[in-house]
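Engineer: Show me how the following folds:
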Amino acid sequence: MSGRKGIILAGGLVGFLAVLLVHFGNPVNMGFCIACFIRDMAGGLGLHRAGVVQYLRPEIIGMAVGAWLISIYKGDFKARGGSSPFTRFILGFFVMIGALMFLGCPLRMVLRLAGGDLTALLGLVGFTAGIGLGIVFLNKGFTLKKTYSLNKAEGFLFPAMQIAFFILLIAAPAFIFFSESGPGSMRAPIALALIAGLLVGVVGQRTRMCTVGGIRDFIMFKDTHLISGFLSILAVALVGNLITGNFNLGFEGQPVAHNDWLWNFLGMALAGFGSVLLGGCPLRQIILSAEGNIDSVITFLGLLIGAAFAHNFGLASSGAGPTTNGKVAVLIGLAVVLIVGFMNMDRSADVTMKGDVKLGA
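Structural biologist: Just a heads-up that it's a prediction; the model follows:
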């Protein structure tokens, strides 16, 4: 799946699977949402007690296992880490805070647009602005330093953790939580969700699919390769929603969304800014984690704990709009990410020249 054709086909597959998952039970405009599904997993593990968003999502498990298996088969699996791990945890934490202010990750932003949700336009503008701000820091020498080779066994721990989650999902012990109402109760059959996740993991690993990377590369280099996948997801999901009757054009009454334009903008600005500094969006972080990148595993844990904090402390938005606590958290997050950016600028590096700022390296 190399080249422009590969990324377009991969994006089309993701868009199709998102529509299919909604048709078979996932929430509308949430066929695939990395932030929402990690939030549900945090709830399923009991890390938060918001009863409407608790479920060990097979899509995330499948993505990780699919990317892991194909990376081993293609020789891309390599255990590595040591690139500012705690900084990555903090960035992942605040990316999740921004995403849950908007009520969706960059992938869901695309799917919301494909469903006619015009409130997501403000998210897209904010996301692009956040990426643009991140590019300023990249051009001024931002770096989280290099990674180091690790024991190969270290790289197997993340997929092993996901397999353990799947066992818990199937066994359903009393300490694992399942929503009985709300978005967490809306779910496609486990087998279908797992297969969809496996497929997204495979194509994501082979094409380096990344929503952040698409916009970043277009702004910096006028390179439309990755953004082609972004647009392919949008086009296929749009057609699918029109066929299945899930297209609802407008600002009002959108599923699991609010229409506060300022906080949609700022939430996705925080998510985009943090993701650029991390080297990829939440989807890309899961793929890298499965390839043996322990720094991305730390980012995943930051996302997971960020989701738990968001619901334990009333930071996440709802259909009624953002909370006061959430607004404060987003502003703190923007300040923290700015500080991280300034503190990690290597002014001696000429990162504007070549591939040192390549996402997901």
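Engineer: neighbours around residue 199, how many?
Structural biologist: Neighbours of residue 199 under the rule other Cβ atoms under 10 Å: 18. Just so you know, the C-beta spots here come from the backbone N, C-alpha and C atoms, and that holds for glycine as well.
Engineer: OK, contacts around it?
Structural biologist: Contacts for residue 199 (Cβ atoms under 8 Å, 6 or more residues apart in numbering) come out as 13, 17, 62, 66.
Engineer: Turn the residues you listed into TSV, including pLDDT, distance to residue 275 and secondary structure.
Structural biologist: Listed next are the contacts of residue 199 as TSV, based on pLDDT from 0 to 100; distance: Cβ to Cβ, whole Å; DSSP: H, G, I helix; E, B strand; the rest coil:
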residue	pLDDT	distance to residue 275	secondary structure
13	98	22	helix
17	98	22	helix
62	98	22	helix
66	98	22	helix
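Engineer: Give me the helices and strands touching whatever helix or strand residue 265 lives in, please.
Structural biologist: If you go by DSSP states H and E, residue 265 is part of helix 261-278. On a contact count with 3 or more Cβ pairs under 8 Å, 6 or more residues apart in numbering; DSSP states H and E, helix 261-278 meets helix 85-102, helix 106-114, helix 119-139, helix 211-221, helix 324-343.
Engineer: and among those, the most buried is which?
Structural biologist: Using mean count of other Cβ atoms under 10 Å, the stretch among the helices and strands packed on helix 261-278 with the greatest mean number of neighbours is helix 106-114 (a mean of 28).
Engineer: quick check, distance from that helix to the centre of its chain.
Structural biologist: 11 Å (Cα atoms, centre = their mean, to the nearest Å).
Engineer: distance of residue 110 from residue 209?
Structural biologist: 12 Å (Cβ to Cβ, to the nearest Å).
Engineer: same thing with residue 106?
Structural biologist: Distance from residue 106 to residue 209, by Cβ to Cβ: 11 Å.
Engineer: Now do the shared contacts for the two.
Structural biologist: Common neighbours of residue 106 and residue 209 (Cβ under 8 Å, 6+ apart) are residue 283.
Engineer: Residue 126 touches residue 261, doesn't it?
Structural biologist: No - using Cβ atoms under 8 Å, residue 126 is not in contact with residue 261, being 9.3 Å away.
Engineer: Low-confidence stretches in the stretch 1-150 of the chain?
Structural biologist: 1-2 (pLDDT under 70).
Engineer: Once you drop chain neighbours, what's closest to residue 342?
Structural biologist: residue 137 (7.9 Å; Cβ to Cβ, 6 or more residues apart in numbering).
Engineer: just checking, the one you found touches residue 345?
Structural biologist: Yes - with contacts counted by Cβ under 8 Å, residue 137 reaches residue 345, the gap being 6.7 Å.
Engineer: Just the helices from the stretch 151-300 of the chain, written as ranges.
Structural biologist: With DSSP state H, counting those that start in this stretch as the criterion, the stretch 151-300 of the chain has helices at 152-155, 157-171, 190-207, 211-221, 225-244, 261-278, 282-290, 294-312.
Engineer: Kindly provide the distance from the nearest residue to residue 169 once chain neighbours are set aside to residue 44.
Structural biologist: Using Cβ to Cβ, 6+ apart and skipping residues adjacent in sequence, the residue nearest residue 169 is residue 56, 4.2 Å away. Distance of residue 56 to residue 44, given as Cβ to Cβ: 4 Å.
Engineer: And residue 52, by the same measure?
Structural biologist: Counting by Cβ to Cβ, the gap from residue 52 to residue 44 is 12 Å.
Engineer: Alpha carbons of stretch 139-149, as PDB, please.
Structural biologist: Taking Å, rounded to 0.1, in the frame of the first residue of the first chain, the C-alpha atoms of stretch 139-149 are listed here in PDB:
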ATOM      1  CA  ASN A 139      11.100  25.300  12.500                       C
ATOM      2  CA  LYS A 140      12.800  26.800  15.600                       C
ATOM      3  CA  GLY A 141      14.400  23.600  16.500                       C
ATOM      4  CA  PHE A 142      11.900  21.800  18.700                       C
ATOM      5  CA  THR A 143      13.000  18.200  19.500                       C
ATOM      6  CA  LEU A 144      12.300  15.600  22.100                       C
ATOM      7  CA  LYS A 145      15.700  14.100  21.500                       C
ATOM      8  CA  LYS A 146      16.600  10.700  19.900                       C
ATOM      9  CA  THR A 147      15.400   7.300  20.800                       C
ATOM     10  CA  TYR A 148      17.600   4.300  21.800                       C
ATOM     11  CA  SER A 149      17.300   0.600  21.000                       C
END
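Engineer: Cool, thanks, signing off.
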